[in-house]
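>>> here is my input; please provide its structure:
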Amino acid sequence: QVQLVESGGGLVQAGGSLRLSCTTSGRTFSGYTMAWFRQAPGKEREFVTAIKYNGDSTRYADSVKGRFTFSRDNAENTVYLQMNSLKPEDTAVYHCAADWMGSGSAFWRSYDYWGQGTQVTVSS
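Below is the predicted model:
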């Protein structure tokens, strides 16, 4: 069993920045491909970014490419999502997800473990 705990959400003005963290416990963190998804009210869950378990590739949704940076610190069992140039349309609950030895899929059903989420609100 793996527990994921997100932190770092909040309220920020458009153009601002936030850094989300997701800390895991349980099995060996370095074997997990990690991802962030987000869900706004009334909308479907949306892929944001994923980083493979071996750290050799990271993918981003087109909507966040060039603004968001996803990184992992295996020594700290933590991943970080640096979000810059935030827009009101980035407002959502952001969920961290984990997939053992995963390929970095953008499909949410590929991930076995999920955090409770952290709210990000961007005001215009």
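
>>> show me what contacts the closest residue to Glu46 other than its chain neighbours?
In this structure, Glu46 finds its nearest non-sequential neighbour in Arg38, 5.3 Å apart by Cβ to Cβ, 6 or more residues apart in numbering. To be clear about C-beta, it is placed using only N, CA and C from the backbone, and glycine gets the same treatment. Counting by Cβ atoms under 8 Å, 6 or more residues apart in numbering, Arg38 touches Arg45, Glu46, Val48, Asp90, Ala92, Val93, Tyr94, His95, Val120.

>>> ok, now how distant is the last one from Asp62?
When you say that, I think you mean Val120. 19 Å (Cβ to Cβ, to the nearest Å).

>>> more neighbours: those two, which one.
Val120 (22 against 6; other Cβ atoms under 10 Å).

>>> quick check: the gap between that one and Thr33.
22 Å.

>>> ok so, going back, need phi/psi at the residue nearest to Glu46.
phi -140, psi 150 (degrees, to the nearest 10).

>>> pLDDT score assigned to it?
Here the pLDDT value assigned to Arg38 is 98.

>>> please identify the helix or strand for the closest residue to Glu76 other than its chain neighbours.
Distances taken as Cβ to Cβ, 6+ apart place Thr23 nearest to Glu76, at 7.5 Å, with adjacent residues excluded. Element membership for Thr23 (DSSP states H and E) is strand 18-25.

>>> now the most centrally placed residue in the chain: which helix or strand?
By Cα atoms, centre = their mean, the mean C-alpha position of the chain lies nearest to Trp36, the distance being 2.4 Å. With elements taken from DSSP H and E, the one containing Trp36 is strand 32-39.

>>> list the buried ones in that strand?
Tyr32, Thr33, Met34, Ala35, Trp36, Phe37, Arg38 (16 or more other Cβ atoms under 10 Å).

>>> so the third one sits against Arg72, correct?
Think Met34. Yes: Met34 is within contact range of Arg72, at 6.2 Å (criterion: Cβ atoms under 8 Å).

>>> what's the overlap in contacts for the two?
Ile51, Val79.

>>> show me what the strand holding Trp36 pairs with in its sheet, parallel or antiparallel.
strand 46-51 (antiparallel), strand 92-100 (antiparallel) (DSSP bridges).
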